[in-house]
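[1] build me a structure from this.
(chains A and B)
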Protein chains: 2
Amino acid sequence: MNAPLPPASLNSPWQLAHRAARMNPSVIREILKVTERPGIISFAGGLPSAKTFPVAAFEAACAKVLKNDPTGALQYAASEGYGPLREMVAAQLRTQAAAAGLTWNVDPAQVLITTGSQQGLDLVAKVLVDAGSRILVESPTYLGAVMAFIPMEPEVVSVVSDAEGVDINALRQAAHTGAKRGQSPNSAWQILESDPNLPRFLYVLPNFQNPTGNTMSEARRAALSTTAAELNLPLIEDNPYGDLWFDTPPPAALTARNPEGCIYLGSFSKVLAPGLRLGFLVAPKAVFPKLLQAKQAADLHSPGFNQRMIAEVMKDGFLDRHVPTIRALYKAQRDAMLDALTQHFGAMPVDATAAELDNRLTWNTPAGGMFLWARLPKGMKAVDLLPLAVDKGVAFVPGAPFYADHGDERTLRLSFVTPSALDIHRGVAALASAIRQQQGV
Amino acid sequence: MNAPLPPASLNSPWQLAHRAARMNPSVIREILKVTERPGIISFAGGLPSAKTFPVAAFEAACAKVLKNDPTGALQYAASEGYGPLREMVAAQLRTQAAAAGLTWNVDPAQVLITTGSQQGLDLVAKVLVDAGSRILVESPTYLGAVMAFIPMEPEVVSVVSDAEGVDINALRQAAHTGAKRGQSPNSAWQILESDPNLPRFLYVLPNFQNPTGNTMSEARRAALSTTAAELNLPLIEDNPYGDLWFDTPPPAALTARNPEGCIYLGSFSKVLAPGLRLGFLVAPKAVFPKLLQAKQAADLHSPGFNQRMIAEVMKDGFLDRHVPTIRALYKAQRDAMLDALTQHFGAMPVDATAAELDNRLTWNTPAGGMFLWARLPKGMKAVDLLPLAVDKGVAFVPGAPFYADHGDERTLRLSFVTPSALDIHRGVAALASAIRQQQGV
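    Numbering: from 1, shown residues only, chains lettered A, B, ... in the order given. As a prediction, the model looks like this:
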């Protein structure tokens, strides 16, 4: 991630901060420049389908907010966020936890409205990361999170992960110095101030992860929650996709299992629309005041108008009617992609040997969200395949850049939410053709 | 500004970053808690008058944006901001510079739309401030800026300022090590990386400053611009109030005089509405890409919906019709405050001695903006007067907290934009009564 500083003229007055050397455009953005060609079928996007934006509901909400409370919507406001929206968020999380069999007493006072959940990541980094401190991430993980953490100059450490989530033994190894915590009569962080080896947190995306589409299993959640508590390792749980389940809701949130040890990040971008830039975080009392202070310094508050728009849309159970339509659309498109993959590459074998799988394209079956994760046959690299695929009219994102280290160069991320089912079939056909050509078949 | 870390339980997993110890609620917020009483006449606010919000124009713009380009408004978008809005900003700044007799070729590609101008301050700090580096500010200065800079752990140094702006000799002294710059064959910041004494920038609010309402004179601007260029000292020019002039526009922007050496911050909060949280910055090529990267990491982009709303409202010269109405309102209210002050404390003497001024309440005559700056007679402290004033039904903000060091405890900030002219007269009468009582007169 380190790049040389750009050249400066002899008389340039600008001395950049040390951290600026690590702040660089995402590798993926650079890769995707080759895919910006008219008419291409793109599995490369990370955007929700614009078809799901509830435009009519927003129109009605705008008019109502500006009619009923123009001053509230347009004046400066509290950094914490709009009260009724914070209450709705808290109620929703309580309900979801209860449906999963847990009691999570989310207090609206613990809810901070953020300018997209991306800002939650920025605030978390400001409050928890010192230069040189270690933070743990899944492997692979959401690049935007790494991009948010990097300015605070952490050492980002990948924890080996499988289809169920982070590997618990690998986590123990990465966090082993954490066991020292709490063994001193002094307050915890005074000890740790001098312990450079203890990671500040593990960042996890348990539901329909970006980029893999994988969901952390109940067993893994239980083990992770117990292990993190035992290690005194904070968890940052990022859940932008959790509501987009296809058949059954995912297991209960990690934060619901140990609210004092977790910060939970959520978003309205995937259930309503990203262009309003609203998300939220839920944090325990030990860190909430500092996150609030960081929020105030960062942008005073998130737009009060947008917060009222979303509260207006959400009241009376709108999401209970709206989100199922998103689930149905994305599920149908996931199915189209699975069908097309099966048609062009043959069904995924049930009892294949590792060697058999190694010689074919493999993929997972995401239970929700926006992404499917595939792996090329042995000897191929996604980044080499991309230009050929683009020539044939289809784009994807190579998976390697999503790993903080040692990326698997055979992996690729396929988004199924934007193209139509017909285009998904065409795109997968083009992908198959590119793979065959690359293989010299 | 350093406060001890809050106590942690023995088993708390949260280790806060070092910077968190300096991130604390604003002193002013704490002070103002005593002023939150129903029926009080408040000169303490920092908010624009809600009467100036163009609600009907926003209603029309919302409807139009959602009708004409719902996907553009609601989808993820470029971190730089909405193109047409960036063009409007660039055009407006070019026009204003030309009206002041300068050519400033603002390129829309240099304009970054931010989530309020507060975010511009956060981004500037991330890109330019290292822990322990020095930054210079006026004395007094906008506290929200200091709050945005503090998380990057600078040493904040006040430069002595008078009614015309920062004192140039004091600035030379504060920045004297900057003269070393450019004397090495290496690129500028490689030298400076090892020079802890060179300030990273001077932060200035030249127009109708918060808190003083003062405006930097043309002579001082010319001297500051020349001196800063000579010292190789970057300027961060913050201009949220510049459009709110009462009789004549303020002198040309500092950035217009040396665009390569300045970052300019602007806001839509005072000419349209703060609740949409939109501002902008203009930066030279030497720093723009890093600011953009910091922006992307901070919140991906500012709300596309809001950007389109404002662009829709602004097109066809709306501001040319709307802003004069704000100027007229605020000017009338400033006049009401000046009248009331004169009535209760006697006209400000024209040729008074320092001793004469020292024994009475003094105030300035802001040429625009929202604030008037007053100074109590010798021996009084604004912070001691406040509870008494509140008892009598009027609130203000003591001025001392606006100084990064050695605050003048006799100063107070009076906002004239929110109360009616009648309430301004009543409030000043209450203030006079409180001062007399405190003086034992």
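[2] show me the helices in the stretch 201-350 of chain A, by range?
    A:218-231, A:254-257, A:288-299, A:304-314, A:318-345 (DSSP state H, counting those that start in this stretch).
[3] ditto for the stretch 1-150 of chain A
    Under DSSP H, counting those that start in this stretch, the stretch 1-150 of chain A gives helices at A:27-32, A:55-68, A:70-74, A:83-99, A:116-128, A:143-149.
[4] quick one: the third one near chain B?
    Yes: taking CB under 8 Å from any CB of the partner chain as the criterion, helix A:70-74 and chain B are in contact, through A:70, A:71, A:72, A:73, A:74. Placement of C-beta: from N, CA and C, glycine included.
[5] rebuild the helices of the stretch 201-350 of chain A as a markdown table, extending it with mean pLDDT.
    As requested, these are exported to a markdown table (pLDDT from 0 to 100):
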| stretch | mean pLDDT |
| --- | --- |
| helix A:218-231 | 96 |
| helix A:254-257 | 98 |
| helix A:288-299 | 97 |
| helix A:304-314 | 98 |
| helix A:318-345 | 98 |
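[6] mean neighbour count for those helices - can I get that in TSV?
    Below are these laid out as TSV (neighbours: other CB atoms under 10 Å in any protein chain shown):
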stretch	mean neighbour count
helix A:218-231	18
helix A:254-257	25
helix A:288-299	24
helix A:304-314	25
helix A:318-345	17
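[7] can I get those helices in a markdown table with distance to chain B?
    Converted to a markdown table, these look like this (distance: least, CB to the nearest CB, whole Å):
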| stretch | distance to chain B |
| --- | --- |
| helix A:218-231 | 8 |
| helix A:254-257 | 13 |
| helix A:288-299 | 4 |
| helix A:304-314 | 4 |
| helix A:318-345 | 14 |
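[8] so which of these is nearest residue B:373?
    Of all those, helix A:288-299 sits nearest to residue B:373, with 24.3 Å by CB to CB.
[9] can you show me the strands along chain A?
    A:41-42, A:111-114, A:134-139, A:155-162, A:165-166, A:202-204, A:235-238, A:262-267, A:279-282, A:362-363, A:371-375, A:394-395, A:397-398, A:411-415 (DSSP state E).
[10] JSON lines for those strands, including mean neighbour count and distance to chain B?
    Putting the strands of chain A into JSON lines (neighbours: other CB atoms under 10 Å in any protein chain shown; distance: least, CB to the nearest CB, whole Å) gives the following:
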{"stretch": "strand A:41-42", "mean neighbour count": "23", "distance to chain B": "14"}
{"stretch": "strand A:111-114", "mean neighbour count": "27", "distance to chain B": "8"}
{"stretch": "strand A:134-139", "mean neighbour count": "24", "distance to chain B": "11"}
{"stretch": "strand A:155-162", "mean neighbour count": "18", "distance to chain B": "13"}
{"stretch": "strand A:165-166", "mean neighbour count": "26", "distance to chain B": "17"}
{"stretch": "strand A:202-204", "mean neighbour count": "27", "distance to chain B": "11"}
{"stretch": "strand A:235-238", "mean neighbour count": "27", "distance to chain B": "9"}
{"stretch": "strand A:262-267", "mean neighbour count": "26", "distance to chain B": "9"}
{"stretch": "strand A:279-282", "mean neighbour count": "26", "distance to chain B": "9"}
{"stretch": "strand A:362-363", "mean neighbour count": "19", "distance to chain B": "25"}
{"stretch": "strand A:371-375", "mean neighbour count": "22", "distance to chain B": "15"}
{"stretch": "strand A:394-395", "mean neighbour count": "26", "distance to chain B": "17"}
{"stretch": "strand A:397-398", "mean neighbour count": "26", "distance to chain B": "15"}
{"stretch": "strand A:411-415", "mean neighbour count": "26", "distance to chain B": "13"}
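[11] pipe those into a markdown table and attach mean pLDDT and distance to residue B:199 per row.
    Converted to a markdown table, these look like this (pLDDT from 0 to 100; distance: least, CB to CB, whole Å):
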| stretch | mean pLDDT | distance to residue B:199 |
| --- | --- | --- |
| strand A:41-42 | 94 | 47 |
| strand A:111-114 | 98 | 32 |
| strand A:134-139 | 96 | 31 |
| strand A:155-162 | 94 | 30 |
| strand A:165-166 | 95 | 44 |
| strand A:202-204 | 98 | 35 |
| strand A:235-238 | 98 | 35 |
| strand A:262-267 | 98 | 35 |
| strand A:279-282 | 98 | 34 |
| strand A:362-363 | 98 | 55 |
| strand A:371-375 | 98 | 46 |
| strand A:394-395 | 96 | 47 |
| strand A:397-398 | 95 | 43 |
| strand A:411-415 | 97 | 45 |
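[12] which one of the helices of the stretch 201-350 of chain A lies nearest to residue A:392?
    helix A:318-345 (12.6 Å).
[13] tell me what angle the closest one forms with helix A:55-68.
    For helix A:318-345 and helix A:55-68, the angle between their directions (axes from the mean of the first three to the mean of the last three CA atoms, to 10 degrees) works out to 150 degrees.
[14] report the distance from helix A:318-345 to the chain centre.
    Taking CA atoms, centre = their mean, to the nearest Å, one finds helix A:318-345 lying 19 Å from the centre of the chain it belongs to.
[15] repeat for stretch A:46-53
    16 Å.
[16] return the set of buried residues in that stretch.
    For stretch A:46-53, burial by neighbour count (16 or more other CB atoms under 10 Å in any protein chain shown) applies to A:46, A:47, A:48, A:49, A:50, A:52, A:53.
[17] pretty sure residue A:277 is in contact with residue B:307, am I right?
    No: counting by CB atoms under 8 Å, residue A:277 does not reach residue B:307; the two are 10.2 Å apart.
[18] where does the stretch 51-200 of chain A have low pLDDT?
    Along the stretch 51-200 of chain A, segments meeting pLDDT under 70 span A:177-197.
[19] would you mind finding the most buried of the helices of the stretch 1-150 of chain A?
    helix A:116-128 (a mean of 28; mean count of other CB atoms under 10 Å in any protein chain shown).
[20] relative to helix A:288-299, how tilted is that helix?
    With the same axes, to 10 degrees applied, the angle from helix A:116-128 to helix A:288-299 works out at 120 degrees.
[21] so how far is helix A:116-128 off the chain centroid?
    13 Å.
[22] just the CA atoms of that helix, as PDB, please.
    In PDB, the C-alpha atoms belonging to helix A:116-128 read as follows (Å, rounded to 0.1, in the frame of the first residue of the first chain):
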ATOM      1  CA  GLY A 116     -22.900   6.500   5.300                       C
ATOM      2  CA  SER A 117     -21.500   3.500   7.100                       C
ATOM      3  CA  GLN A 118     -18.200   4.400   5.500                       C
ATOM      4  CA  GLN A 119     -18.000   7.300   8.000                       C
ATOM      5  CA  GLY A 120     -18.500   4.800  10.800                       C
ATOM      6  CA  LEU A 121     -15.300   3.100   9.700                       C
ATOM      7  CA  ASP A 122     -13.500   6.500   9.600                       C
ATOM      8  CA  LEU A 123     -14.700   7.400  13.200                       C
ATOM      9  CA  VAL A 124     -13.800   3.900  14.500                       C
ATOM     10  CA  ALA A 125     -10.200   4.300  13.100                       C
ATOM     11  CA  LYS A 126      -9.800   7.800  14.600                       C
ATOM     12  CA  VAL A 127     -10.900   6.700  18.000                       C
ATOM     13  CA  LEU A 128      -9.200   3.300  18.200                       C
END
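[23] is it in proximity to chain B?
    Yes: Helix A:116-128 is in contact with chain B by CB under 8 Å from any CB, via A:116, A:118, A:119, A:122, A:126, A:127, A:128.
[24] please name the nearest non-neighbouring residue to the fifth one.
    The one in question is residue A:126. Among residues not flanking residue A:126 along the chain, residue A:294 sits closest, at 4.6 Å (CB to CB, 6 or more residues apart in numbering or on different chains).
[25] OK, contacts around the one you found?
    Counting by CB atoms under 8 Å, 6 or more residues apart in numbering or on different chains, residue A:294 touches A:123, A:126, A:127, B:23, B:151.
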